[in-house]
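Undergrad: generate a structure from the sequence data that follows.
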Amino acid sequence: MGKKLSVDKNGDGVIDTYALGIPGSKDVVTACTLLPWFWGHAGAQLSDGQKVVFGEDKNKEAMVDMLEFLRKLVDEKIVSPDMASLKFTDVEANFIGGACAMAILGSWHYASIKENGGEDFIKNVAIAPIPAVPGNDPVTTAGGWTIAMFTKDPAKQDAAWKFMEFFAGHDVQKALTVKAAQMTTLKEIYDEPELKDDAVMQTFKEGLFGGKTRDAVPFYSAMDEQFQNLIQIAVTSKDDLNQAVERAAAEAQKIADSMK
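TA: Predicted coordinates for the structure are as follows:
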C-alpha cells in the first residue's frame with residue numbers, strides 16, 4: 001500500500017506525495033509516536049522498573065526490529081528522506097498540503113487538521129488504528145507525563161488530592177476530550193451526546209483499549225533521549241543497529257546509575 005501511495009505526480013523523477021508522514025526529529029512527541037511499534041512486540045520493555053533493559057535479549061531484538069523497519073520505510077521511499085528533521089507540526093502541515101497521504105499523529109491533531117484544512121479537506125480524512133506489528137495487537141501511547149508531589153504537610157496533601165479528584169472528574173475530562181481531543185480514559189464520557197455518534201472519537205476511544213503509558217521511573221528521560229537518538233541513527237545512517245542499541249542502553253543506564 002505504501003509503495004502505491006508514494007507517487008511522482010508530474011513525472012520529473014521526484015516523489016511529490018509520500019505514503020506516510022511520521023515525525024522523526026529529536027522531540028518527546030517523536031518518542032510517543034513511535035513507541036507503539038516497539039511495545040507492539042509482545043512484552044517489549046524499556047525498563048523493568050529498576051534498570052534499563054531495552055538493550056537486552058528480546059527487548060533488544062524488538063528495538064532493532066523496529067529501527068530496521070523505520071530504515072526500510074525510508075529506503076523504499078514510503079517515508080520522506082527528511083524524516084529525521086520533521087516535527088509533528090511539520091507532518092500535520094505536509095498531510096494538509098498533500099505531501100503525505102497518511103500521517104501518524106496524536107488525537108489532538110484532528111481538530112487542528114479540521115481547522116487548518118477546512119471542511120472540504122476534513123470530509124475526506126478517516127481515522128484508523130496505528131498499524132500493528134505483525135502477529136501482535138495494536139498499541140497506543142496513552143498518557144503524556146508522570147507527575148509526583150511529595151509533602152508531609154497534611155493540608156498540602158489534602159489540597160493535592162482534591163486537585164486530582166477535580167482533574168479526574170467528569171466535567172474536566174469531558175472538556176479535555178470534546179474541546180481539545182485530549183482523549184480521556186473515563187469510559188462514560190464517550191456515551192455523551194457529543195461523542196456517542198462521532199465515528200472519529202469512537203475510533204480514538206477504541207485505540208485506548210490498547211493503551212500503554214510510558215515508564216514511570218526516575219530515569220525515563222534518559223531512555224527517552226536515547227530512543228530519539230536511535231531513531232535518528234536508523235533513518236540517517238547505515239550504522240549497525242545492534243551495536244547502536246547496545247550503546248544507547250549503556251548510556252541510559254549510566255545516567256540512571258548517576259541518579260541513585
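
Undergrad: name the element the residue most central in space within the chain belongs to?
TA: Centroid check for the chain by CA atoms, centre = their mean gives Thr33 as the closest residue, at 1.7 Å. Using DSSP states H and E, Thr33 sits in helix 28-39.

Undergrad: counting by contacts, list what that helix packs against.
TA: Secondary-structure packing of helix 28-39 (3 or more CB pairs under 8 Å, 6 or more residues apart in numbering; DSSP states H and E): helix 57-75, helix 88-97, strand 140-141, strand 211-212, helix 220-236. (C-beta placed from N, C-alpha, C; glycine too.)

Undergrad: ok, residues contacting it?
TA: Applying CB atoms under 8 Å, 6 or more residues apart in numbering, the external contacts of helix 28-39 come out as 22-24, 44, 46, 54, 62-63, 66, 69-70, 87-88, 104-106, 130, 133, 138-141, 144, 212, 214, 224, 227-228, 231.

Undergrad: contacting residues around the closest residue to Glu61 other than its chain neighbours?
TA: Nearest non-adjacent residue to Glu61, counting by CB to CB, 6 or more residues apart in numbering: His41, 7.5 Å away. By CB under 8 Å, 6+ apart, the contact list for His41 reads 58, 61-62, 65-66, 133, 136.

Undergrad: so how far is Pro131 from the residue nearest to the centre of the chain?
TA: Noted for Thr33: a distance of 12 Å to Pro131, by CB to CB, to the nearest Å.

Undergrad: and if you look at Trp39?
TA: Remark: distance between Trp39 and Pro131 (CB to CB) = 13 Å.

Undergrad: more neighbours, these two?
TA: Per other CB atoms under 10 Å, whichever of Trp39 and Pro131 has more neighbours is Trp39, with 22 against 15.

Undergrad: gap between the more buried one and Val245?
TA: From Trp39 across to Val245, the span is 15 Å (CB to CB).

Undergrad: ok, now Val139?
TA: Val139 is 19 Å from Val245, by CB to CB.

Undergrad: likewise Thr151?
TA: Thr151 is 39 Å from Val245, by CB to CB.

Undergrad: Gly98 now?
TA: From Gly98 to Val245 the distance is 35 Å (CB to CB).

Undergrad: okay, those two: which has more neighbours?
TA: Val245 (26 against 11).

Undergrad: hang on, isn't that one packed against Val53?
TA: No - checked against CB atoms under 8 Å, the pair Val245 and Val53 is beyond contact range at 11.4 Å.

Undergrad: what's around Gly24, how many residues?
TA: Gly24, neighbours per other CB under 10 Å, totals 28.

Undergrad: nope, Asp16 is what I meant
TA: Neighbour count of Asp16, defined by other CB under 10 Å: 12.

Undergrad: and for Glu251?
TA: Using other CB under 10 Å, Glu251 is surrounded by 17 other residues.

Undergrad: might you report the residue contacts of the nearest residue to it once chain neighbours are set aside?
TA: Distance criterion CB to CB, 6+ apart; nearest residue to Glu251, sequence neighbours excluded, is Gln226 at 5.9 Å. Gln226 sits next to 248-249, 251-252 when contact means CB under 8 Å, 6+ apart.

Undergrad: out of those, who's the most crowded?
TA: Within the contacts of Gln226, Ala252 tops the neighbour count with 26 neighbours, counted by other CB under 10 Å.

Undergrad: from Ala216, how far off is it?
TA: Distance from Ala252 to Ala216, by CB to CB: 16 Å.

Undergrad: give me the domain ranges for this protein.
TA: Annotated domains of the chain cover 2-142+210-258, 154-203 [automatic domain parsing].

Undergrad: now those domains as JSON lines including mean pLDDT?
TA: Formatted as JSON lines, the entries for the domains of the chain read as follows, by pLDDT from 0 to 100:
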{"stretch": "domain 2-142+210-258", "mean pLDDT": "94"}
{"stretch": "domain 154-203", "mean pLDDT": "92"}
